[in-house]
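In: Sequence plus the predicted model coming up.
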Amino acid sequence: MKLSSDSEMFKMMREKLYSPVISDVLDRIGFRNRAMEAEIRPLFPDAVLVGRALTVLSVDVYHEPKDPYLLEIESVDSLKPNDVLVASTNKSRRTCFWGELLSTAAKARGASGAVIDGYTRDVKRIIEMKFPVFAKGVKPVNSYGRSLVINYNVPVECGGVLVDPGEIVFGDIDGVVVIPREVETQVIETALEKVSGEDKTREELKTGAYLRDVFAKYHVL
C-alpha cells in the first residue's frame, strides 16, 4: 500500500473499509481487545470517522475549579487536520463532556470527529453540522463543577480500549475500533483484501451457492 499522506489513506479507508472488517483483522493477528464497548454510538447513522487519536483525560470533581476549562480548551485548540478527539471521562454519569461549540471548534481545525466515553449534548446542532460524534449517551448539563480535564495526549482508556495518542481510530454505525501504530499498515492492507473476499463471497451467495462451499473457497465469513 503506497499512499502519499495520512489524508489519502484516511480517504481510502472511509470509502472502502468498515469497522467489522478491521476488527476481524485485528482479532486475526492477536489484538482482540481493540473494539470499544457497544454503548458508544454515533449520533447519526451515517457518521463515519477515521483519524489519529488526540486523547483527553477527564475526572469528576465536586467543587468549582478556578480554571475549569483550561486544559479542555488547550486540547481542542491543539487538534490538527484528521485528528479524532478521544475522551475518557472515567465513565462519568455526572457530567456532559462534549457539545456543539466544541464540535464547531474541532471541525474548524480539521478534526475528523470525537469519541466520548461519556455524554454529549446539543445533539440537534451537532447532527445539523454533520460532525461525527460517538458517545455513550446524551445529557443536558455542562461540565462546570462536575468534571475537569486533567491531561491530554496521554494514554487513556476509552470504551474499554487503551488508546495511545496517534493511533488510528475508525468509527461507523457498527462501532469504534482502534488500530495500534505498529500494525496499522498490515491491518489496513489485510482489511482491503478481506473486503475483496467478502465481495466475491456475497456475489456467489446471491446466486444460491452453499455457504459451506463459498467459505471453503474464500475463507471469509
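Out: On my side now, so go ahead.
In: Now do stretch 29-40: distance from first to last residue.
Out: Using C-alpha to C-alpha, to the nearest Å, the end-to-end distance of stretch 29-40 comes out at 24 Å.
In: List the buried residues for that stretch?
Out: Along stretch 29-40, these residues count as buried under the neighbour rule (16 or more other C-beta atoms under 10 Å): 31, 34-36, 40. Every residue, glycine included, has its C-beta placed from N, CA and C.
In: can you check stretch 170-179 too?
Out: So stretch 170-179, judged by 16+ other C-beta under 10 Å, has buried residues 170-172, 175-179.
In: can you tell me the distance between the two ends of it?
Out: 8 Å.
In: buried ones in the longest strand along the chain?
Out: Taking DSSP state E as the criterion, the chain has its longest strand at strand 49-60. Using 16+ other C-beta under 10 Å as the burial criterion, the residues of strand 49-60 that qualify are 49-58.
In: Quick one: name whatever helix or strand follows the helix ranked longest in the chain.
Out: Longest helix in the chain, counting residues (DSSP state H): helix 184-206. Next along the chain after helix 184-206, taking DSSP states H and E as the criterion, comes helix 211-218.
In: how about that following helix: buried residues?
Out: 214, 218.
In: centre of the chain versus that helix, how much separation?
Out: Its chain's C-alpha centre and that of helix 211-218 lie 32 Å apart, by C-alpha atoms, centre = their mean, to the nearest Å.
In: From the contact counts, what lies against it?
Out: The contact analysis (3 or more C-beta pairs under 8 Å, 6 or more residues apart in numbering; DSSP states H and E) places helix 211-218 against helix 184-206.
In: pretty sure Asp117 is in a helix, no?
Out: No - secondary structure assignment (DSSP: H, G, I helix; E, B strand; the rest coil) places Asp117 in strand, not in a helix.
In: so how far is Asn151 from it?
Out: Taking C-beta to C-beta, to the nearest Å as the measure, Asp117 and Asn151 are separated by 15 Å.
In: Mind checking what helix or strand follows the longest strand of the chain in sequence?
Out: Following strand 49-60 in sequence, per DSSP H and E, is helix 70-77.
In: C-alpha coordinates for that next one, PDB please?
Out: Below are the C-alpha coordinates for helix 70-77, written out as PDB (Å, rounded to 0.1, in the frame of the first residue of the first chain):
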ATOM      1  CA  LEU A  70      -8.000  25.500  30.900                       C
ATOM      2  CA  LEU A  71      -6.900  22.100  29.600                       C
ATOM      3  CA  GLU A  72     -10.100  21.300  27.800                       C
ATOM      4  CA  ILE A  73      -9.600  24.400  25.700                       C
ATOM      5  CA  GLU A  74      -5.900  23.600  25.200                       C
ATOM      6  CA  SER A  75      -6.700  20.100  24.000                       C
ATOM      7  CA  VAL A  76      -9.400  21.300  21.400                       C
ATOM      8  CA  ASP A  77      -7.200  24.100  20.200                       C
END
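In: Beyond it, next helix or strand please.
Out: Following helix 70-77 in sequence order, the next helix or strand is strand 83-88 (DSSP H and E).
In: Neighbouring strands - and their directions - for that following strand?
Out: Strand 83-88 has the following strand partners under DSSP bridges: strand 49-60 (parallel), strand 113-120 (parallel).
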